[in-house]
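Asker: when you get a sec, could you give me coordinates for this:
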Amino acid sequence: MSKQTAFMEAILAGIPNKLPNLSPIDLTVPHAPKRNISMLSGDDIRLALKNALRYFPAEWHRELSLEFLDELNQLGRIYMLRFRPAYAMYARPVAEYPGNSIQAKSIMLMIQNNLDPKVAKYPHELITYGGNGSVFQNWAQYLLTMKYLSEMSDNQTLVMYSGHPLGLFPSHPGAPRVVVTNGMMIPNYSKKEDWNRFNTLGVTSYGQMTAGSFMYIGPQGIVHGTTITLLNAGRRTDAHKPNLAGRIFITSGLGGMSGAQALAGIITGSVCVIAEVDKDAIKQRTADGYILKENIYTNTSALLQSMKWHRDNGTAVALVYQGNVVDLWEAVVEDGIHIDLGSDQTSLHNIDDLGYCPQGISFEDAKTLLIEDKPALMAMIRATLVRHVAAINTLVDRGMYFWDYGNAFLKEAGSAGADVWQDDQKHSYKFPSYVQDIMGPMCFDYGFGPFRWVCTSGSKRIWIPQMR
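Answerer: Numbering: from 1, shown residues only. Model prediction:
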């Protein structure tokens, strides 16, 4: 048996026996915007505190209740930042995790990968991607889950509910090691306002597709699927060209999922132009090597010149507009340049918590407005969506192929009054989704889709040959 390290001991301890020191918020990593809790009653606040304190011994409750109340007021959620581990957060080789089950150890590896500051959008708030795609609701849940995984055998299954570990249950080696459920909203009480309230109370979370199920592998995990999508979008418009050389693709988003567009754009040979308002997202993708500093623009005129040069020379490139995507679309309309392909990957599924930034205001100022005057912010967002769609409609009339990327773009644009409907009854949209028009008929219908795998050993000797 390998020697037990300090890291292994920390995992095995779970929630520590001694109350850890409270550290100031680390400003070296991006943080989630303050969540709106104006809907909470006094009873709701007391319940949120009660639910948070259940993880800790009674003698800590007085001190922690004041601290958690402060987190709730200052951040809009109770993250239990005092209990964030002191060890570095990253996916270690599987042999470095304590435990009795290689499957459980592998899940611990994946959890830490989801929370790695190089991977996660808001690592200290336990959010991997999409603005609200949570691994856990708080750090106590993380500590307990890692402890359970380190103790379990292949004859047990860990059952999870919205980040909360319900416990280890008898099973067998052929059963799942972990059963996860997230969300679980009752339909009659599932409006965004309901979810926001229940999430604040600590009784539900939104795990997205791979955050709360511990399967996220960074933008590289979606690069294959995005590449296939772009190639097949190009084949829909010109089936005789082998790639997208000389063709311009405009989109938005450099987050955990949308960041894959930069690499996919280059792989397919296109001139890929991505708008992003979040400077932290741009910084992270630059550090990842997905984009180059010299290809980041804050001026649409200079960007348009670069687009034309790369198009005319047939060079593959990922160009970034640091600004609002609607400003970019409108500049393109005014210039008259032909755009071949277009889409959008803003986090419109998270529209209530600034997944979409309106025109005329910076992302940082929009964060402030979200707290100070949310109705005014939402009115600006709806007006921007109308202009967003108007610019796209103009370019589609000029020959651009546009598709919805499953981010609720058409839904929210339609709700805002934008011209997205194919008929007066508003039964169908004028633009297709990528599954409906691209991946479905060209890939999924034949049982073909993106491929992903994880090398849990961390050994280059193993994974490099596999990649080849």
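Asker: the nearest residue to Y297 once chain neighbours are set aside and G167: what is the separation?
Answerer: Closest residue to Y297 apart from its sequence neighbours, by CB to CB, 6 or more residues apart in numbering: L303 at 4.0 Å. (C-beta placed from N, C-alpha, C; glycine too.) From L303 across to G167, the span is 54 Å (CB to CB, to the nearest Å).
Asker: got it, and L66?
Answerer: According to CB to CB, L66 stands 30 Å off from G167.
Asker: give the contact list for the residue nearest to R77 when sequence neighbours are not counted.
Answerer: Once flanking residues are discounted, R77 sits nearest to R35: 5.4 Å by CB to CB, 6+ apart. Residues counted as contacts of R35 (CB atoms under 8 Å, 6 or more residues apart in numbering) are L75, G76, R77, N196, T200, D353.
Asker: so of the residues you listed, which ones are in helices?
Answerer: Under the assignment DSSP state H, those contribute L75, N196, T200 to helices.
Asker: quick check: T237 touching I339?
Answerer: No: applying CB atoms under 8 Å as the test, T237 and I339 come out as separate, 11.4 Å apart.
Asker: out of the two, which sits in the more crowded spot?
Answerer: Applying other CB atoms under 10 Å to T237 and I339 shows that I339 carries more neighbours, namely 24 against 14.
Asker: the more buried one: helix or strand, and which one exactly?
Answerer: Using DSSP states H and E, I339 is not contained in any helix or strand.
Asker: strands along this protein, start to end?
Answerer: Taking DSSP state E as the criterion, the chain carries its strands at 127-129, 133-134, 156-161, 164-170, 178-181, 248-252, 271-276, 296-297, 317-322, 341-342, 401-402.
Asker: can you give me the helices in the stretch 1-150 of the chain?
Answerer: 6-13, 42-53, 61-75, 102-115, 139-151 (DSSP state H, counting those that start in this stretch).
Asker: and of the ones you listed, who's closest to H224?
Answerer: helix 102-115 (17.8 Å; CB to CB).
Asker: Throw the helices of the stretch 1-150 of the chain into a markdown table and include mean neighbour count and distance to M307, thanks.
Answerer: Output for these, formatted as a markdown table (neighbours: other CB atoms under 10 Å; distance: least, CB to CB, whole Å):
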| stretch | mean neighbour count | distance to M307 |
| --- | --- | --- |
| helix 6-13 | 15 | 48 |
| helix 42-53 | 16 | 49 |
| helix 61-75 | 16 | 40 |
| helix 102-115 | 22 | 35 |
| helix 139-151 | 22 | 44 |
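Asker: do you know which of those helices lies nearest K426?
Answerer: Closest among the helices of the stretch 1-150 of the chain, using CB to CB: helix 42-53, at 35.7 Å.
Asker: any chance you could list what contacts the closest one?
Answerer: Residues contacting helix 42-53 (CB under 8 Å, 6+ apart): 40, 60-61, 64-65, 68-69, 72, 78, 80, 138, 140, 197, 200-203.
Asker: pLDDT on it, on average?
Answerer: In this model, helix 42-53 has a mean pLDDT of 98.
Asker: thinking again about what came up before, make a markdown table from the strands of the chain and add mean neighbour count to it.
Answerer: Listed next are these as a markdown table, based on neighbours: other CB atoms under 10 Å:
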| stretch | mean neighbour count |
| --- | --- |
| strand 127-129 | 27 |
| strand 133-134 | 28 |
| strand 156-161 | 19 |
| strand 164-170 | 15 |
| strand 178-181 | 16 |
| strand 248-252 | 26 |
| strand 271-276 | 28 |
| strand 296-297 | 20 |
| strand 317-322 | 23 |
| strand 341-342 | 23 |
| strand 401-402 | 21 |
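Asker: and the ones you listed as TSV, adding distance to I462?
Answerer: Shown next, in TSV, are the strands of the chain (distance: least, CB to CB, whole Å):
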stretch	distance to I462
strand 127-129	25
strand 133-134	29
strand 156-161	27
strand 164-170	31
strand 178-181	24
strand 248-252	35
strand 271-276	32
strand 296-297	36
strand 317-322	30
strand 341-342	37
strand 401-402	41
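Asker: to V119, which of those strands lies closest?
Answerer: strand 127-129 (7.0 Å).
Asker: who are the packing partners of that closest one?
Answerer: strand 133-134 (3 or more CB pairs under 8 Å, 6 or more residues apart in numbering; DSSP states H and E).
Asker: residues of the lengthiest helix in the chain that come out buried?
Answerer: Taking DSSP H as the criterion, the chain has its longest helix at helix 374-397. Buried residues in helix 374-397, defined by neighbour count with 16 or more other CB atoms under 10 Å: 377-378, 380-385, 387-389, 391-393, 395-396.
Asker: which of those lies closest to P30?
Answerer: Distances from P30 to the buried residues of helix 374-397, taken by CB to CB, are shortest for L377, at 19.9 Å.
Asker: relative to N73, how far out is the closest one?
Answerer: From L377 over to N73 (counting by CB to CB), the distance is 20 Å.
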